[in-house]
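> Got a predicted structure here, sequence first:
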Amino acid sequence: MTTANPLSYPTSRKPFSLDTFRNPPKEYRGAPFWGWVTKQEKQATLEQIDMFEEMGMGGFHMHTRVGLDIPYMGEEFMEIVRGCVDKAKKKGMSAFLYDEDRWPSGFAGGKVLEGHPEHRHLHLLFTPWAYGEEIGYTKPNFPIANAAPMRSELGELLATYAIKLDHGRLSSSRRISSPSESTSGEKVWYAYAEPLPDSGFFGDQTYTDLLSEDMTKRFIELTHEVYKKHIGKDFGGAAPSMFTDEPQYCPMSTLAESEKLQDVFLPWTKRIVHSFKEAKGGDLLELLPQLIWDPADQEANTTKYQFLDHVCELFANNYIGVLATWCAKNNLYCTGHMNAEPTLASQTAQTGEVMRCYREMQFPGIDMLCDKREYNTAKQCASVSRQYGRTGVMSELYGVTGWQFTFEGHKGQGDWQAALGVTFRVHHLFWSTMEGEAKRDYPGCIGYQSPWWKEYAQIENHFARVNSALTRGRPVTRVAVIHPVESYWLCFGPKDKNSEETDYREKAHGELTEWLLEGHIDFDFISESLFPELTDMDSIGKTLSVGKCQYEVVVVPNLRTIRSTTLSRLQKFAAQGGKVIVAGIAPSLVDALKPTSPPEIKGSVSLPWSKAQLLSALHPHRDLDMIVSNTTLYRAQGTRADSLFYQMREDGEEKYIFICNTDRKEPCPVTLNVRGEWKVEALDTFTGSCWEVKAEQDNGQTAFKYWFDGCESVILILRPGKASPDARDQTIMRRHYKQVGDVKLQSVQLQEPNTLLLDYCEYKWNDEPWQGAEEVLAVDQLMRRRLGLFLKGAKFRQPYTIPQDKRKSIGRLRLRFTINAKTTVEKSNLAIESPDKVKAYLNGQSIDLKPNGWWVDKSIKTVPFPPISEGKHALELEYDYGMLTNLERVYLLGDFGVDVRGRSALIVPLDLNDVEFGDITRQSLPFYSGNVTYHTTLESDGKTPIALRVAHFAGPAVSVDIDGKRSALLVHEPYAFEAGILSKGEHKVDFTCYGNRHNSFGAIHLVDNKTNWLNADSWRSDFDWWSEEYVLGQAGILNAPRVEVPGLEVPKQVRRGLTLHV
């Protein structure tokens, strides 16, 4: 019997069950990236699978990242993979495969090019400076870790051109054999096909040619076939899919100013001249200058349009297509995501169009970093998935959000993506260890190193329950939008000539998606390149079939060019009674050529570029209407509830609606109107409970009210029929309870010892004088520059590529940290990495570094520290320093306080009886990053229902235990819950505010609000991005939790003329 692939969601083909909703199976659960970042050992690796299970995960992605120190894809590596697959299978979990050593995919950790230099990545350099000439700019010197181009002068000359411009447009171009053949008014340009320089990141090779089918086949031989040899029998079962990550080719660049001299880079492959001739009919080398400048005598740059289309097709066929075909034949799903997905500009430069790249993938996916809201990224992918009948969409999410990202953020980011079609969350990131550079690998880490990790099952249960509904049946989507990327291709040229149009098109593309989503019109994009294979002309009627989807309306938005295949299908659709709306500028070109007469769709509706007019025209096709029902501080009654996103699914006679509030702080009370007459049941995805909503049916509509607090969501099941007598109104914490007092704080408990961070030190090389003080990571980089070693960061070579003879010590490095104490500390521990490789001295006396435990991460050992008296102390650490030495912060742990003033830290007495509600970083706990429990009491009269609210806290979440029993985990607004009627008398209530590791391990010298991009460089900023003073985050419960009882809470003063807002 063949096991169904978990990503096919076999449970969703069975009738809906509340038992399944309450206890969803692992197929509905996420599977984090599991960063293998050290010398992985099999037993220690397998033990972490138990942690994934405890966190509520359905599986894990085995993903090598910076720090791997066993040969990639070698026997030891594959033995661990085999063990992980076996253990996952025993637990009913999934061990997902990843096809590369780090990323971008396609080079097999450098193996592809071994003995096969013909597969090297190429780009085309179009330049006014011949090889060997002095160039007109300073060549950048950045670590090469992807396909981003750099002039290498390692290639071959393809052609030399004499170029004449007319006001920045191409007047004439001709190929010449020598610069001397150019005439007055012409400028000589050169075209070289060249590789990038070799890079340690790629194993002293370059990236590979992803436009070449032969390269992809070799990549498969070295990666996929090796996995098949070792675990092939589990393909499609315990090993459901293979993840390909940010595969890429050289991004196409443009001139900044059309008449200025500048290097320009284009994607290239060895056979592209031949393949372009076969596909488009032109001589690419003759036409090459038209990829740089727009011709002066043409309506549109057809050559550029054809080139972008051709390169996209090469990539989609020769890389993604070959991978997906192999996966299909071997019972695997091909998943992953492209590079540069979100904008018209990024797609044009780096994939041509991203939707075409999903064509062959069995489970297409996206990437969502920095808590961004890239609605088009999700919509593009979900549209292809729906139209090709795929079962879902993957999202790699939560990456680059930092240690301070909250459970509310996890829920909020996942919710809006679920509404837009994402079903499979791949969390970024669970590290196997924090050792060395790994701790700066795009944190935060969701693994055991985060003090909240055991609470995460609450978040995972929520999304598993959401998926139990959103993987059923089919999406209800009546509106389609022609994707406008091909019109953008035509203005992708010199910025001084095109930026106004590119900006306009980009803005309009984003606007339209926001108008529709915020206007509660669900829609799909149609890719013009995929349209012909998805829609047969003979199938077109009053509804438009695009693959598995049916649309009543098609919007044609601001197109300059339209494909003839698109035009003919829309013309027939309109002729059959379908609705076509031409919004904004109507297309004037067909296939990027000027037709004999303007393209026309008879029967279509033309509208100006107007949100109001477009939404009005689409109103008859709206399935769900959500209007603000009560005026609040930021919302007016009667307006559209534009912070609410939804997805509707149809499964037989039932419909499932998921609605989420994308505003994480402000409530949104609404009246909902749904087509049809329905009995409405609400499912609470946090508790697993359900209840029937009081609703009214009238004139073919069902109406009911619902209050969405900040970041709140709900699943609604619609079944034909009338509301039953059991239907009730929703309980609204903000409206149905009022504050009557605060809990009484009795004591505060830390779940870890307090922390003194030591990160500034003087340093001494061999017998040279002491220097400093410098931040310890800066010392490491200073020494590396001096000794000619690779610099630390996210893009240095993998340790397994470094032979033993290169790992030897180069010399002796001593670090001297200063400890200032205002009190005596009799007992403490030093937390330090690799103590077996360090000698330590306190005030010149040797310290025994024999570990007695670990702190935060098993690689950070704790060792007993000598008593500290009042005064100044010197802690010296001595390293035999070499290429792989890790210089890291060290920590003193104990029952003492720490007073931070700017850039200095002082040990002071700590009395936890003095700690109150408020920011604990100002209460002698500045570097503490563990959990804090506030032991409180409250009185109950034994007859009045009680609710508790923690209105303000700084931490991922707060748990509440009443009389020793877990009552709630507070994640999002209003951070409150109903405790019910408690017995008469005093009750113990423990509030635990979960910590995060920012104040211990974060980029605490990075100036606030400079960037939201947190990678290894964020710990090594400089100039005005660097603060010598500590930049700490708030922590703890910031004000006393409230005791609330039934009643209406009225504000003490009117705000903005409103009479009620809580």
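That came through fine. Residues are numbered from 1 along each chain as shown.
> where does the protein have low pLDDT?
For the chain, the stretches flagged by pLDDT under 70 are 1, 1051-1062.
> Where do the domain boundaries of it fall?
Following automatic domain parsing, one finds the domains of the chain at 479-620, 626-645+664-730, 744-751+920-1046, 755-908.
> Can I get those domains in TSV including mean neighbour count?
Any C-beta I mention is one placed from the backbone N, CA and C, and that applies to glycine too. As requested, the domains of the chain are exported to TSV (neighbours: other Cβ atoms under 10 Å):
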stretch	mean neighbour count
domain 479-620	19
domain 626-645+664-730	18
domain 744-751+920-1046	18
domain 755-908	17
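> Turn those domains into CSV, columns for distance to Arg169.
Compiled in CSV, those are given as follows (distance: least, Cβ to Cβ, whole Å):
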stretch, distance to Arg169
domain 479-620, 7
domain 626-645+664-730, 43
domain 744-751+920-1046, 37
domain 755-908, 39
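> now for these, which one comes closest to Ser432?
domain 755-908 (9.6 Å; Cβ to Cβ).
> That closest one: how far from the chain's middle?
Relative to its chain's centre, domain 755-908 lies at 33 Å (Cα atoms, centre = their mean, to the nearest Å).
> Then stretch 323-340?
Averaging C-alpha positions (Cα atoms, centre = their mean) puts stretch 323-340 20 Å from its chain's average.
> Could you do stretch 149-167 as well?
37 Å.
> Which of the residues in that stretch are classified as buried?
149-153, 155, 158-165 (16 or more other Cβ atoms under 10 Å).
> all strands of the stretch 1-150 of the chain, in order?
Applying DSSP state E, counting those that start in this stretch to the stretch 1-150 of the chain gives strands spanning 33-36, 59-64, 94-98, 122-127.
> repeat for the stretch 851-1000 of the chain
Secondary structure of the stretch 851-1000 of the chain by DSSP E, counting those that start in this stretch: the strands cover 853-855, 857-865, 871-881, 890-894, 897-901, 904-908, 932-940, 946-949, 953-954, 958-962, 965-970, 976-980, 985-993.
> JSON lines for these, including distance to Arg505?
As requested, the strands of the stretch 851-1000 of the chain are arranged in JSON lines below (distance: least, Cβ to Cβ, whole Å):
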{"stretch": "strand 853-855", "distance to Arg505": "53"}
{"stretch": "strand 857-865", "distance to Arg505": "47"}
{"stretch": "strand 871-881", "distance to Arg505": "54"}
{"stretch": "strand 890-894", "distance to Arg505": "52"}
{"stretch": "strand 897-901", "distance to Arg505": "50"}
{"stretch": "strand 904-908", "distance to Arg505": "52"}
{"stretch": "strand 932-940", "distance to Arg505": "51"}
{"stretch": "strand 946-949", "distance to Arg505": "47"}
{"stretch": "strand 953-954", "distance to Arg505": "42"}
{"stretch": "strand 958-962", "distance to Arg505": "46"}
{"stretch": "strand 965-970", "distance to Arg505": "44"}
{"stretch": "strand 976-980", "distance to Arg505": "45"}
{"stretch": "strand 985-993", "distance to Arg505": "47"}
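> thinking again about what came up before, closest to Ser529 out of the strands of the stretch 1-150 of the chain?
strand 122-127 (23.2 Å).
> Taking strand 122-127 as reference, get the angle to the helix or strand following that closest one.
From strand 122-127 onward toward the C-terminus, using DSSP states H and E, the following helix or strand is strand 156-166. Taking axes from the mean of the first three to the mean of the last three Cα atoms, to 10 degrees, one finds that strand 156-166 is oriented at 40 degrees with respect to strand 122-127.
> Tell me which strands strand 156-166 pairs with, and in which orientation.
Applying DSSP bridges, strand 156-166 is found paired with strand 169-176 (antiparallel), strand 187-194 (antiparallel).
> Can you say which of those is nearest to Tyr72?
Of all those, strand 187-194 sits nearest to Tyr72, with 27.3 Å by Cβ to Cβ.
> Show me which residues of the closest one are buried.
Neighbour counts using 16+ other Cβ under 10 Å place Val188, Trp189, Tyr190, Ala191, Tyr192, Ala193, Glu194 of strand 187-194 among the buried residues.
> Make sure the fourth one is actually in contact with Leu285.
In this case it means Ala191. Yes - counting by Cβ atoms under 8 Å, Leu285 is a contact partner of Ala191 at 7.3 Å.
> Common neighbours of those two, please.
The contact sets of Ala191 and Leu285 overlap at Leu158, Ala159 (Cβ atoms under 8 Å, 6 or more residues apart in numbering).
> And the strands of the stretch 851-1000 of the chain: which comes nearest Asn1009?
Nearest of the strands of the stretch 851-1000 of the chain to Asn1009, taken as Cβ to Cβ: strand 953-954 at 17.1 Å.
> I'd like to know which elements the closest one is packed against.
If contacts are counted by 3 or more Cβ pairs under 8 Å, 6 or more residues apart in numbering; DSSP states H and E, strand 953-954 sits against strand 1036-1037.
> Just name whatever secondary elements the strand it packs on is in contact with.
Counting contacts by 3+ Cβ pairs under 8 Å, 6+ apart, strand 1036-1037 packs against strand 932-940, strand 953-954, strand 985-993.
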